[in-house]
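> here's my sequence, what's the structure:
(one chain, ligands or ions: 2)
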Amino acid sequence: MDFEPYIRDIENFPKPGVVFKDITPLLKDAKALTAACQTLCDMIVKHDIDKVVGVDSRGFIFAPLIASKLNAGFVPVRKKGKLPYTTISESYELEYGEDTLEIHTDAIQKGEKVLVHDDVLATGGTASAVCKLVEKLGGEVVQCNFLIHLTFLNGSNKLNGYDIKALLEY
Ligand SMILES: O=P(O)(O)OC[C@H]1O[C@H](OP(=O)(O)OP(=O)(O)O)[C@H](O)[C@@H]1O
Ligand SMILES: Nc1ncnc2[nH]cnc12
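Ligands and ions are numbered 1, 2, ... in the order given. Next up, the predicted model:
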């Protein structure tokens with residue numbers, strides 16, 4: 001399925017100069033939503049995934065769906081101050097700002113195989129911080145998968161050595 005017609009460009013959001021990739025047209029279409037989820041799962045070569053890590057907040061849309069299909073657990077990585085139990089954190093820069101991400105210290109066991117999922121790979125700051133959090137807990141990042149990879153922002157440079165997959169590249 002061609003997912004491109006379901007992605008809407010919004011210019012100057014959330015800041016001047018940014019072209020925001022809006023995935024809500026894809027989400028509201030039943031066929032596109034189901035096909036996108038299936039294709040994200042099909043891109044995973046190794047199917048022995050223990051945990052799917054989704055990134056606050058748009059990463060939470062598909063990550064639990066993927067986890068359920070793979071019989072894996074879902075782990076939320078959240079923006080600072082949102083997780084209730086003991087956490088570790090990583091600060092990072094993204095296309096239009098900076099922030100801190102956190103994960104629960106008991107979310108991943110040593111040696112577990114982890115799929116990192118988010119909707120968009122832009123500058124790679126977010127995904128790189130998530131990989132660091134997973135590895136600090138002893139997890140192995142098997143793949144980072146995204147709906148959209150904005151290749152012109154060179155995010156893959158921050159994810160050297162990781163298997164990066166996306167439904168759409170711009
Ligand atoms: O590759 P990067 O430059 O780091 O950018 C990618 C990140 O930016 C967006 O999240 P955002 O922080 O806007 O939060 P949201 O999901 O809550 O909208 C997107 O969902 C990714 O998580
Ligand atoms: N251009 C963009 N569109 C949507 N999400 C993003 N996250 C970072 N950059 C983005």
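
> distance check, the nearest residue to residue 18 once chain neighbours are set aside against residue 17.
Leaving aside its sequence neighbours, residue 18 sits nearest to residue 96 (C-beta to C-beta, 6 or more residues apart in numbering; 5.4 Å). Yep, even glycine has a C-beta here, placed from its N, CA and C like the rest. Using C-beta to C-beta, to the nearest Å, one obtains 9 Å as the distance from residue 96 to residue 17.

> what about these two, which has more around it?
residue 96 (14 against 8; other C-beta atoms under 10 Å).

> contacts only, for the more buried one.
Residues in contact with residue 96, defined by C-beta atoms under 8 Å, 6 or more residues apart in numbering, are 14, 15, 18.

> redo the residues you listed as TSV? Include neighbour count and pLDDT.
Shown next, in TSV, are the contacts of residue 96 (neighbours: other C-beta atoms under 10 Å; pLDDT from 0 to 100):
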residue	neighbour count	pLDDT
14	10	94
15	10	92
18	14	94
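
> which one of the residues you listed is nearest to ligand 2?
Closest approach to ligand 2 among the contacts of residue 96 (C-beta to the nearest ligand atom): residue 18, at 5.5 Å.

> OK, contacts around the residue most central in space within the chain?
Residue closest to the average C-alpha location in the chain (C-alpha atoms, centre = their mean): residue 118, at 1.7 Å. Counting by C-beta under 8 Å, 6+ apart, residue 118 touches 54, 55, 58, 59, 126, 127, 130, 144, 146.

> the third one and residue 95: what is the separation?
Spelled out, it's residue 58. Residue 58 is 13 Å from residue 95, where distance means C-beta to C-beta.
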